[in-house]
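**Student:** Pasting the sequence and the predicted coordinates here, then a few questions.
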Amino acid sequence: MKSILKTVALAALVGVAAAGAASAETVKMGVSAEPYPPFTSPDASGKWIGWEIDLMDAVCAEAKLECELTPISWDGLIPALTSKKIDAILSSMSITEERLKTIDFSDKYYNTPASLAGPKEEKFTPDAAGLKGKIVGVQVSTIHAEYAQKHFKDSVSELKEYQTLDEANNDLAAGRLDAVFADAITLDAFLNSEQGKACCDKKGDVADDPVVLGPGIGFGVRKGEDELKGKLNAAIKAIRANGTYEKFSKNYFDFDVYGK
């Protein structure tokens, strides 16, 4: 009888443990495989670090989700999401009307302007007139590439698209580009590096275009995944209200990265 009771008790404990493990939903978070400091980058050991990684940890803890990072090339993120290889995108992806035709987004979790950087000795304004005749680099499949096509194409001598922003920055430092157009914070990260300090400075933020640039950055989710979207939205709201968002953001920024 004791043996039977022990077996039943053990089975019950295993069942409780299994139920506890099953209660945490696993979410595969797609992140661009290319470094994008200060938001997402692998360190020397291969561990992903950065502001968005801290954000993911805070949001997933608040929403009681088990989140796993899945590195994918930038232009493969949306196809990976729609084909269910990943469950969400965590990669500084802007919420735009064009992308909303294919995927959905959580509420905004940060918003920063778009800027131009160029050689220190060059003085020009961050607009079509200032870029007349120049070679400008942008990262492929980004809002910055779309903005440049719309606003700069008729003025510049060439728009060069790169798979990664690092490649564009390297060409700028080497003198093969006259300017790089990208997110203001990621350009700051480059300009504060030894390579960036030696060659370049910021020329200013471009005029806003709400249709192209969108209202901010959110988690990309599949159409119809309303439950996951709701959990992410509630968690973003909660960590902003309870001070968690502000606390980890201070490790990276001296301003409110959430934006307007």
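**Tutor:** The structure has been received and is ready for your questions.
**Student:** Past the least confident helix or strand in the chain by mean pLDDT, which element shows up next along the chain?
**Tutor:** The helix or strand with the lowest mean pLDDT-type score in the chain, counting by mean pLDDT, DSSP states H and E, is helix 2-23 (a mean of 40). Toward the C-terminus, helix 2-23 is succeeded by strand 25-32 as the next helix or strand (DSSP states H and E).
**Student:** Whichever helix or strand comes after that following strand pairs with which strands?
**Tutor:** Next helix or strand after strand 25-32 toward the C-terminus (DSSP H and E): strand 41-42. Sheet pairing of strand 41-42 (DSSP bridges) gives strand 48-49 (antiparallel).
**Student:** and residue 162, what does it touch?
**Tutor:** 137-140, 168, 171 (Cβ atoms under 8 Å, 6 or more residues apart in numbering). The way it works is simple: take the backbone N, C-alpha and C, and place the C-beta from them, glycine included.
**Student:** Show me what it is bridged to.
**Tutor:** Bridge pairing for residue 162 - DSSP bridges - gives residue 139.
**Student:** Any figure for the gap between residue 74 and residue 59?
**Tutor:** With distances taken as Cβ to Cβ, to the nearest Å, residue 74 is found 21 Å from residue 59.
**Student:** Next: residue 95.
**Tutor:** According to Cβ to Cβ, residue 95 stands 16 Å off from residue 59.
**Student:** and if you look at residue 259?
**Tutor:** Taking Cβ to Cβ, one finds residue 259 at 18 Å from residue 59.
**Student:** For those two, indicate the residue with more neighbours.
**Tutor:** Comparing residue 259 with residue 59 by other Cβ atoms under 10 Å, the one with more neighbours is residue 59, at 29 against 13.
**Student:** buried sites along the helix or strand where that one lies?
**Tutor:** With elements taken from DSSP H and E, the one containing residue 59 is helix 51-63. Buried residues in helix 51-63, counted by 16 or more other Cβ atoms under 10 Å: 51-56, 58-60, 62-63.
**Student:** what's the farthest-apart pair in those?
**Tutor:** 51 and 63 (18.3 Å; Cβ to Cβ).
**Student:** coming back round to it: return the members of the contacts of residue 162 classed as buried.
**Tutor:** 137-139, 168, 171.
**Student:** can you put the residues you listed in a markdown table and add pLDDT?
**Tutor:** Shown next, in a markdown table, are those (pLDDT from 0 to 100):
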| residue | pLDDT |
| --- | --- |
| 137 | 98 |
| 138 | 98 |
| 139 | 97 |
| 168 | 98 |
| 171 | 98 |
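**Student:** And the residues you listed, which is closest to residue 34?
**Tutor:** residue 139 (8.7 Å).
**Student:** The spatially closest residue to residue 203 that is not a sequence neighbour: what secondary structure?
**Tutor:** Nearest non-adjacent residue to residue 203, counting by Cβ to Cβ, 6 or more residues apart in numbering: residue 116, 4.4 Å away. Following DSSP: H, G, I helix; E, B strand; the rest coil, we place residue 116 in the strand state.
**Student:** right, and residue 116 touches residue 183 too?
**Tutor:** No: look at residue 116 against residue 183 with Cβ atoms under 8 Å: they stay out of range, at 11.3 Å.
**Student:** which SS class is the residue nearest the centre of the chain?
**Tutor:** Among the residues of the chain, the one closest to the centroid is residue 92, at 1.6 Å (Cα atoms, centre = their mean). Secondary structure, three-state DSSP: residue 92 is coil.
**Student:** Tell me where the model's unsure across the protein.
**Tutor:** Filtered on pLDDT under 70, the chain yields the residue ranges 1-24.
**Student:** so who does residue 113 touch?
**Tutor:** Residues near residue 113 by Cβ under 8 Å, 6+ apart: 183-184, 205-206, 208.
**Student:** Which among those count as buried?
**Tutor:** Buried members of the contacts of residue 113, scored by 16+ other Cβ under 10 Å, are 183-184, 206.
**Student:** domains of this protein?
**Tutor:** Domain ranges of the chain: 24-111+215-249, 114-213, per automatic domain parsing.
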